[in-house]
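In: Next comes the sequence, and after it the predicted model I'd like to discuss.
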Amino acid sequence: MRFIHTADWHLGKLFGQRHMTEDQAYVLEELLALCRDVRPDALVLAGDVYDRAVPPPEAVALFNTVLTRLAEQGIKVLCIAGNHDSAVRLAFGAQLLQSSGVYIAGTLDAEAAPVVLSDAFGDVYFSLLPYGDPPHIRESFSLDETPSFDTALDVQIASSRAMIPQGARSVAVAHAFVIGGQTSESEHTLSVGGSDQVHADKFRPYNYTALGHLHAPQRAGAEQIRYAGSLLKYSFDESHQKKGVTLVDIDAAGAVSHTFYPLVPRHDVRIVRGKMAEIMSDEFDPLSHEDYICVELTDTDAVLAAHEKLRRVYPNLFLITRPNIHMGHSSNEVRNYERGKSDLHLFADFYAEMTTEKMTQEETEELTHIIDALEREERMQ
């Protein structure tokens, strides 16, 4: 049995103020091309198909296109809802779609049977375990008390495994936060205080576990328990990560091998570090200036009109941080810089602190001119 494990597409995502639909369509073309090359039996999508419960129309249209083209290739699709998805909306038409080889587990169902796919060696059972918070698990499985996240997943797994024959090859598809996993800023926490974390041991009865939720590709307690990671980089702390999908093969005895296939985005997400004079140099950065950029200015002195100047070099500049600007500034000012306040707000703060005794008339007029220019730029954006 051969399948592609992917997760966390977040279709309809806004990164900064940039709609990512075109970037997602671009990289999904690569995924479809990979499917043609490696000819998997199935594609497993482990949750967070969309970025929000009510996705924009273009995101729904993109998902529809991808499903249609996978079905045309004869590739089965096994998909679950994640914490970002609306379970009910994602599950619309699920029974009808099964006739096309598309299996979507959106809402929780205590009676849901595993999806069974067959190869030359027999059947493989896929437990589709959509995301459910403890109150919904209690309601759906008629429990006496509200369970913890860890116990709630135990209940889902026990229900599904009761329908899997002893010794049969099996795969779990889940959307959860396994203890010890590497997190990213673009993920939404499932609860407060770490109570959302679950133990990896519960997945050991399966030959392979395809996880979603954490955006870094990684193992989760064992080689056969893995996160595929998100489709694209959705925050700057993910800039060092390689995004892609995992190709999984299960042999006749249930032994698993897996290979990570990177996907090359239309625009990479990068952090550029240096002083303003260095960054503005033609020889400073040989990589694509069309990437999505966070500039970390290491200057210790204020840099006037930094955003305006840097946009000439990096048209897709998203954010400027200034880790060394704290010299001579208050801790509140440092936090504002670290949050990536726009140049307009930073200049407004700076201007408000200055007095006519501290500034010459010429300096005051220069700052006023800069603020006016930034206000015009913000209105145009």
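Out: Thanks, I have it. Numbering: from 1, shown residues only.
In: Now tell me which helix or strand of the chain has the poorest mean pLDDT.
Out: Of all helical and strand segments in the chain, the minimum by mean pLDDT, DSSP states H and E falls on helix 331-338, at a mean of 44.
In: How much space separates the residue most central in space within the chain from Ile325?
Out: What sits nearest the mean C-alpha location of the chain, by CA atoms, centre = their mean, is Ser230, with 4.0 Å. In this view, Ser230 and Ile325 are 31 Å apart by CB to CB, to the nearest Å. (Glycine included, C-beta is placed from N, CA and C.)
In: before we move on, the earlier item: in this structure the residue nearest to the centre of the chain contacts His10, no?
Out: Yes: Ser230 lies in contact with His10 (CB atoms under 8 Å); the separation is 6.6 Å.
In: mind checking the SS state of the residue nearest to the centre of the chain?
Out: With DSSP: H, G, I helix; E, B strand; the rest coil as the basis, the three-state label of Ser230 is coil.
In: can you offset everything so residue one is 79?
Out: Got it, first residue is 79 now, which makes that one Ser308.
In: can you pull the contacts of Tyr339?
Out: Residues near Tyr339 by CB atoms under 8 Å, 6 or more residues apart in numbering: Leu112, Gly322, Val323, Thr324, Leu325.
In: now for the residues you listed, which pair is the farthest apart?
Out: Greatest spacing in the contacts of Tyr339, by CB to CB: Leu112 and Thr324 (11.2 Å).
In: quick one: the helices in the stretch 179-328 of the chain?
Out: 212-218, 227-239 (DSSP state H, counting those that start in this stretch).
In: Okay, now the unreliable bits of the stretch 279-428 of the chain?
Out: Across the stretch 279-428 of the chain, the ranges flagged by pLDDT under 70 are 404-428.
In: For Gly322, which residues are in contact?
Out: Pro295, Ala306, Gly307, Phe338, Tyr339, Pro340, Leu341.
In: Of these, keep whichever come out buried.
Out: Pro295, Ala306, Gly307, Leu341 (16 or more other CB atoms under 10 Å).
In: Turn those residues into CSV, including distance to Ser359.
Out: What follows is these, written out as CSV (distance: CB to CB, whole Å):
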residue, distance to Ser359
Pro295, 35
Ala306, 39
Gly307, 34
Leu341, 32
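In: between those, which is closest to Ala169?
Out: Ala306 (21.7 Å).
In: contacting residues for the closest one?
Out: Here Ala306 is in contact with His83, Thr84, Ala85, Asp86, Ala124, Ala288, Leu289, Gly290, Pro295, Gly322, Val323, Thr324 (criterion: CB under 8 Å, 6+ apart).
In: what do you get for His97?
Out: Contacts of His97 (CB under 8 Å, 6+ apart): Gly90, Lys91, Pro134.
In: Quick check: phi and psi on the last one?
Out: To tie it back to what came earlier, the one meant is Pro134. Backbone geometry at Pro134, expressed as degrees, to the nearest 10, gives phi -70, psi 160.
In: Ranking by neighbours, what's the top pick from the contacts of Ala306?
Out: Ala85 (32 neighbours; other CB atoms under 10 Å).
In: Please name the nearest non-neighbouring residue to it.
Out: Leaving aside its sequence neighbours, Ala85 sits nearest to Gly290 (CB to CB, 6 or more residues apart in numbering; 3.3 Å).
In: what pairs with that neighbour across the strands?
Out: The partner list for Gly290 in beta bridges (DSSP bridges) reads His253.
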